[in-house]
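[1] Fold the following for me, if possible:
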Amino acid sequence: GMTLRTPRNDAKFKKLLADAGDKLVVVQFYLVESIPRADIINKFRSLPEKYSQITFVNADVGRVKESVKKERIIYLPTFIVFKSEKRLATIITTSIEHLTQTISILEFDVSQVTFNDANGYKGKGNEYFKSTDYSSAIIMYSKAIEMEPAPTFYTNRAACYLQTKNFMKALEDCTAAIRSESRNLKAHFRASQAYLGLGNIQEAKVELDIATEIAPNDAQVRNEADKLKRINVCIRHGNDYLADQHYEDAILQFTNALSMVPMSASVRSSRAKAYLFIKKYQEAKKESLIVINDMNVKDPDAYFTFASSSYHLDNDLVNALGFVKQAILMDPEHAGAKKFIQNLKPLEKLQKDADAALSRNDYQTALDKLTELHKLDSNQESLTKHYTNMVTCAMNTCQYHLVIKYTTCLMEFNKKNARAYFNRGCARIKLKQYAEAIGDLETAIQVDPREKEYSNKLRECELELKKSKRKDYYGLLEVDESSDLDTIKKAYRVKAKEWHPDHREDHEREEATEKFKDVNEAYITLSDPEKRRRYDMGEEVDLQKVFEAQPDQDYDVQVHTFFDHDFDLFDVIKMYMFFERGGKFGGGHGKKGGPSRSGGRKKFR
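    Coordinates of the predicted model:
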């Protein structure tokens, strides 16, 4: 019966808290990019069933930014327990036992505990602190401060805030204590810890120097001073390695520093920059995004690193330029950002022109712009996108050799690009390279067997290959496959006249005879709907007996059976019969066994 909610924005998050009334609401603030969703849900699912009256909330910090800012959340994941829209406890830990313990304590309303003086609350707060129940301790110290705002109560509460990593609150309490007592050792020491927790190394050193001046022999102060020295040594070495272009060594030093001061925006930004230089774009993007979003720091290096890594990963030119421009606003002399804009401005113009041409289906203009863009842009993600668009343009402008070229380039980036194999196969079909096309289409199907378009095109290609091995009757008559019967007849007349053996010299007659025979076969096949259908399906059509004369049938009957009256094709039919029977040209014939025809022959018109 656990109630689990995932608000999509700040408004829904606030409503969820309001609707809960007096019931406890436990919120896990997390960054969706760094924690798998299953892990987030399972964290709550592992809690005891007795908490079925509590509302558990998973809040992505990217969706509830106002609430994150209000609650001053720094570390992720952070658990916060609310009641009546008021924060009761903050738990920064991955330990489910700690969360369970806090919930159990809060079910007992500690705010109902009363004492007659501030020291009574302080004593109870100390008890809670020793038992690591920092949330209850904070409530007790707060009641003590309400009765008597003494520096000791502030520094004690600051210690609780440090334990729960609420560094801003800790710093506020230390500042309040220092206002009352400027030489308060605990206030300056804990202020140094709070600053370090916030990543402010210089401010931490200032406070620690004061604490050292107050108590130079204090063991805790000396240990903290040693820690601060180690941090600064790591940062100095990291910066030196970065300047000398020893990026792996720089990353190691910055990582050591971050283990001691994880919230240092400058150190994290420097590590992101080192990742960028060794082309670890995913790590560079993640690190710089933490600085920009999670830490909310206006660091020009972080903005530049995020822009550059995003451009290489996502090929989002417009977004990258936007972040670089922000970096320049923060630092007008930022060398990397200025060079980035100088290099990408021409690309932006070409990209916009190409996109505009594509949107209006002006494929040739788009192809010209993309070709120019391709010469200037060496980013692999960009090249992949450019080649993909160039394939589209080349296919739509019937430049099939270019389609083959660009799809082959795409395959160099990704051997399992099924669409590239498919497009290359389609281009090869257009160029009548059927065997090669079949190979491409079969590969596309192996990579993505669920795409029906690939298998349909393969069957089409196999049919075209089969058809290509027969005589090309459409080609012989020089007509399209969609031509109607009238067009085929007209074409036949022209070709029959052109290849009639009687119109050729002796040395050309043998070739003309074969060609004339093929032309007649083409007409016989394409003028008959059934034969044409079978031919189009790739089947062989047997024409051996089509024009075999019946013993008592006049040739004129045969002529008018197949042809119109515009010209006399007696000789055409006669010759076709002779070719099939191995005959040779000679005098005219009448009926079988009869005398020759008298009179002249009709000529082709």
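[2] Chain neighbours aside, what residue packs nearest to Cys461?
    Nearest residue to Cys461, sequence neighbours excluded (CB to CB, 6 or more residues apart in numbering): Ala437, at 5.0 Å. No exception for glycine: its C-beta is placed from N, CA and C like everyone else's.
[3] sec struct for the one you found, please.
    helix (DSSP: H, G, I helix; E, B strand; the rest coil).
[4] any idea how far it lies from Ala337?
    Distance check for Ala437 against Ala337: by CB to CB, to the nearest Å, it reads 48 Å.
[5] Assign a three-state SS to the residue lying closest to Lys471 once chain neighbours are set aside, would you?
    Among residues not flanking Lys471 along the chain, Asp518 sits closest, at 6.3 Å (CB to CB, 6+ apart). At Asp518, secondary structure determined by three-state DSSP is helix.
[6] how many neighbours does Asp518 have?
    18 (other CB atoms under 10 Å).
[7] Double-check it against Leu477; I have them as touching.
    No - using CB atoms under 8 Å, Asp518 makes no contact with Leu477, being 9.8 Å away.
[8] in stretch 173-190, what's buried?
    Asp173, Cys174, Ala176, Ala177, Ile178, Asn184, Leu185, Lys186, Ala187, His188, Phe189, Arg190 (16 or more other CB atoms under 10 Å).
[9] What of stretch 258-275?
    For stretch 258-275, by 16+ other CB under 10 Å, it's 258, 261-275.
[10] can you list contacts of it?
    74-75, 167, 196-199, 201, 227, 230-231, 234-235, 238-239, 242, 247, 250-251, 254-255, 257, 281, 283-284, 287-288, 290-291, 295, 297, 299, 301-302, 305-306, 309 (CB atoms under 8 Å, 6 or more residues apart in numbering).
[11] Tell me the spacing between the residue nearest to Lys471 and Asp506.
    Applying CB to CB, the value for Asp518 to Asp506 is 20 Å.
[12] can you check Glu514 too?
    15 Å.
[13] Compare the two and say which is more crowded by neighbours.
    Glu514 (13 against 7).
[14] Can you check the pLDDT for the more buried one?
    Note on Glu514: pLDDT of 87.
[15] element containing it?
    helix 506-526 (DSSP states H and E).
[16] Pop the domain breakdown of the protein in here.
    3-108, 111-216, 347-468, 473-581 (automatic domain parsing).
[17] mind putting the ones you listed in CSV, distance to Asn319 included?
    CSV is the format used below for these (distance: least, CB to CB, whole Å):
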stretch, distance to Asn319
domain 3-108, 16
domain 111-216, 27
domain 347-468, 11
domain 473-581, 48
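[18] Which among those is found nearest to Leu329?
    Closest of those to Leu329 is domain 347-468, at 18.1 Å (criterion: CB to CB).
[19] Number of residues surrounding Asp22?
    7.
[20] now it, what's its secondary structure?
    coil.
[21] surely it meets Lys86?
    No - Asp22 is not in contact with Lys86 according to CB under 8 Å; the separation is 10.7 Å.
[22] Now the helix holding Glu514: buried residues?
    Applying 16+ other CB under 10 Å to helix 506-526 flags 512-513, 515-526 as buried.
[23] In this protein, where is pLDDT below threshold?
    1-2, 32-52, 93-97, 101, 104-113, 378-381, 540-605 (pLDDT under 70).
[24] Pick out the residue nearest the middle of it.
    Nearest residue to the geometric centre of the chain (CA atoms, centre = their mean): Asp314, 6.5 Å.
[25] now that residue: how far from Thr175?
    Computed as CB to CB, the Asp314 to Thr175 distance reads 43 Å.
[26] Could you tell me how far the helix or strand encompassing Cys160 lies from the centre of the chain?
    Taking DSSP H and E as the criterion, Cys160 maps to helix 151-163. Offset of helix 151-163 from its chain centre (CA atoms, centre = their mean, to the nearest Å): 48 Å.
[27] cool, stretch 190-201 as well?
    Centre-to-centre, stretch 190-201 and its host chain are 39 Å apart (CA atoms, centre = their mean).
[28] ditto for stretch 77-88
    Distance, centroid of stretch 77-88 to centroid of chain: 36 Å (CA atoms, centre = their mean).
[29] Check which residues of it are buried.
    Neighbour-count burial for stretch 77-88 [16+ other CB under 10 Å]: Pro77, Thr78, Phe79, Ile80, Val81, Phe82, Lys83, Leu88.
[30] Which of those fall in strands?
    Within those, residues falling in strands by DSSP state E are Thr78, Phe79, Ile80, Val81, Phe82, Lys83, Leu88.
[31] which two in those residues are spaced the farthest apart?
    Thr78 and Lys83 (17.1 Å).
[32] and the closest residue to Ala215 other than its chain neighbours, what does it touch?
    If the residues on either side of it in the chain are set aside, Ala215 comes closest to Leu185, at 5.3 Å by CB to CB, 6+ apart. If you count contacts by CB under 8 Å, 6+ apart, Leu185 has them with Ala211, Ile214, Ala215, Asp218, Val221.
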